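Visitor: dropping the sequence and predicted coords here.
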Amino acid sequence: MPDRGPRSRHRHDETRLTHHYPPRVSEQPERGGAWEFRGRVHPEYTPNRDRNPDPGEVVWVWVPFEEDRLIGKDRPLMVIGRDATDPHVLVGLMLSSKDHDGHSDWCPIGAGPWDREHRPSWVRLDRPLAMYSPAVRREGATVPAQTFHAVVSRAVSRPHSAISATYAPPARRSLLRRIADFFWR
C-alpha cells in the first residue's frame, strides 16, 4: 500500500475518533429522534389529527438525556412551530407529569388527554428540541389554543432563550363577533 504521508493518516484518525463522540448540541442524533434546538422558530397553532405531527399537538419522540446524549427515552413534546430556516424541522418543548411547581424553567399546563392518567403536566421552557416528522413515534393529543399561546409566549419572551421569534398571540374576538362569524359562514 503506498504511503500517503502523515497528513492523510492524521485526517483518517481524526475522522474515526470524532465519530465516537456524542453529537454536538445542535446536531441530530444518529439514531433519530430529537436534538437540542437553537435559533429562530416560526410559532403556529395548526393541529390536524392526521397522523402527522403538527404545531399544537403533543407527540412522542426519542429524546437524548442531557448527561449522555447517546442514551435517552421516548418523551412527550408539545410541538410549538417550525424552524424559520427549514420548514421540515419541527420545534417542540418537553412535557413532564413530575411536579415542577415554583421552577421558572417550567410552565404548568394542567391535565389533558396527552397523559393516560390525566395528571397535571408541565412544559420545560429552557430546552427546545427539534425533530423531523419521521422521528415521531406517535401523536398524542391536541393542546387547547389558549394553553398553546400562553406556553409559546413564555418560551420566546424568556431572557437568554434558546429560541427567538416574533410572536403575538391572536387577538380574542368578542362574543358578538364570534356569533356573527358563525351565522355568516
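Guide: That came through fine.

Visitor: contacts, neighbours, all on C-alpha from now
Guide: Fine.

Visitor: pLDDT wise, what is residue 67 at?
Guide: Turning to residue 67, the model gives it a pLDDT of 87.

Visitor: can you get me a residue count around it?
Guide: 8 (other CA atoms under 10 Å).

Visitor: ditto for residue 47
Guide: Residue 47, neighbours per other CA under 10 Å, totals 19.

Visitor: where is the longest strand in this structure?
Guide: Using DSSP state E to define each element, the chain has its longest strand at strand 72-83.

Visitor: quick one: strands adjacent to that one?
Guide: Here strand 72-83 has these sheet partners by DSSP bridges: strand 39-43 (antiparallel), strand 57-64 (antiparallel), strand 89-96 (antiparallel).

Visitor: in CSV: the ones you listed, plus distance to residue 80.
Guide: Formatted as CSV, the strands paired with strand 72-83 follow (distance: least, CA to CA, whole Å):
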stretch, distance to residue 80
strand 39-43, 6
strand 57-64, 8
strand 89-96, 5
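
Visitor: to residue 72, which of those strands lies closest?
Guide: Using CA to CA as the measure, strand 57-64 is the one of the strands paired with strand 72-83 that comes nearest residue 72, at 3.9 Å.

Visitor: quick one: closest of the strands paired with strand 72-83 to residue 159.
Guide: Comparing the strands paired with strand 72-83 under CA to CA, the one sitting nearest is strand 39-43, at 14.2 Å.

Visitor: report the buried residues of the closest one.
Guide: 40, 41, 42, 43 (16 or more other CA atoms under 10 Å).

Visitor: what about stretch 113-131, how long is it end to end?
Guide: Taking CA to CA, to the nearest Å, the first and last residues of stretch 113-131 lie 22 Å apart.

Visitor: I am finished for the moment; much appreciated.
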